[in-house]
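S.K.: I'd like to go over a predicted model; first the sequence, then the structure.
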Amino acid sequence: MKKFLMQEPALVQSPAGHRFTILRNFCKGCRICVAFCPTQVLGLDDRFKVAVLHPERCIGCRLCELRCPDIAIHIARGSVRKAGKAAAPVSRSGEK
């Protein structure tokens, strides 16, 4: 653990494979990440720090990470794909 971290970061993984790293000591509870999350994944806990409330809803857009002024959130996108949802190849001429 780095010297500047007072406690271990919170690590959460969604069913889609997205990994959240929350640096709770860096979070000031401004709610910017909560407001910008399009699927309402994040919220504040009883100490007014960011918490991952619904990891199953995460789509991996990283808006929370990009908007956080304190660099308290890091998202690593998962590579798990849903079964039966393979994308069909598209040719450049527009034919399938």
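M.R.: Received it, and whenever you're ready, just let me know what you need. These numbers were taken from a predicted model, which means no experiment stands behind them. Numbering: from 1, shown residues only.

S.K.: need the contact list for the residue most central in space within the chain.
M.R.: With distances taken as C-alpha atoms, centre = their mean, I75 lies nearest the centre of the chain, 4.4 Å away. For I75, the contact set (C-beta atoms under 8 Å, 6 or more residues apart in numbering) comprises 18-21, 58, 60, 62, 64-65. (Each C-beta comes from the backbone N, C-alpha and C, glycine too.)

S.K.: Quick check: can you name the pairing partners of the helix or strand in which it is found and their directions?
M.R.: Following DSSP states H and E, one finds I75 within strand 73-76. Take DSSP bridges as the rule and strand 73-76 pairs in its sheet with strand 19-22 (antiparallel).

S.K.: buried set for the strand it pairs with?
M.R.: Residues 19-20, 22 are the ones in strand 19-22 that count as buried (16 or more other C-beta atoms under 10 Å).

S.K.: Equivalent analysis for stretch 60-73, please.
M.R.: 61, 63-65, 68, 72-73.

S.K.: from the residues you listed, which two are the most distant?
M.R.: Put simply, by C-beta to C-beta the two of these set farthest apart are C61 and A72, 17.2 Å from each other.
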